[in-house]
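Asks: mind looking at a prediction? Sequence and model below.
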Amino acid sequence: MNREDLPAPEQGITLAHYITVRDVERSRAFYADIFGGEVVLRENPGMVKVANSWIIMNPGGGPTPDKPDVSLRAPEDGDPITSFLNVRVADIAAFYEAATAKGAEFLTEPLDRKAEIRCYLRDPDGYLIEIGQATGMLEGVFADRPDDDS
């Protein structure tokens, strides 16, 4: 394994996304297959390098000395969404077609939102993932603002 395969910068910072999962093997296979990622570590933690980032995954657990008041668990059905993974692609139609062929289940087909074309899918634990392709924003066109209810 090479240093560049790990989220371990020689200088500056790098970002990686950690998710608490029920089944590391299942989640590792999902991220490697759907996103064409490279499995860097199989377990403890599972880690998949995707493009210029990493998805790190482990089962939940109780507090540890470095996070004494924090317990981790995968989301349950119906839990409110507080964050999601945002993936930018060069060709959303090609990504959607390839991911669907691999078994990914999207909430909708890609929809044109003026600034971008986007759609969402969930991983095996229910985490929400946005797939988007910048379109109008490249020309200064942005999505309509939600109606103001006041």
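Replies: Ah, there it is. Numbers count the residues shown, from 1 in each chain.
Asks: need the distance between the two termini of stretch 30-42.
Replies: End-to-end distance for stretch 30-42: 13 Å, by C-alpha to C-alpha, to the nearest Å.
Asks: so what touches it?
Replies: 1, 5-6, 24-25, 28, 46-51, 54-55, 57, 87, 99, 102, 104, 121, 123-124 (C-beta atoms under 8 Å, 6 or more residues apart in numbering). Where you see a C-beta, it was placed from the backbone N, CA and C, and this is true even at glycine.
Asks: show me the helices in this structure, by range?
Replies: Taking DSSP state H to define them, one finds helices in the chain at 24-34, 92-101.
Asks: in TSV: these, plus distance to Asp147, mean neighbour count and mean pLDDT.
Replies: TSV is the format used below for those (distance: least, C-beta to C-beta, whole Å; neighbours: other C-beta atoms under 10 Å; pLDDT from 0 to 100):
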stretch	distance to Asp147	mean neighbour count	mean pLDDT
helix 24-34	35	19	98
helix 92-101	27	15	98
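Asks: just send these back as a markdown table, with distance to Arg113 too.
Replies: Below are the helices of the chain laid out as a markdown table (distance: least, C-beta to C-beta, whole Å):
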| stretch | distance to Arg113 |
| --- | --- |
| helix 24-34 | 22 |
| helix 92-101 | 11 |
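Asks: wait, which of those helices is closest to Lys67?
Replies: helix 24-34 (19.5 Å; C-beta to C-beta).
Asks: now the contacts of stretch 30-42: which count as buried?
Replies: Buried members of the contacts of stretch 30-42, scored by 16 or more other C-beta atoms under 10 Å, are 24, 28, 46-50, 54-55, 57, 87, 99, 104, 121, 123.
Asks: how about Arg3, what does it touch?
Replies: Taking C-beta under 8 Å, 6+ apart, one finds Glu10 in contact with Arg3.
Asks: quick check, pLDDT for it.
Replies: We have a pLDDT of 81 for Arg3.
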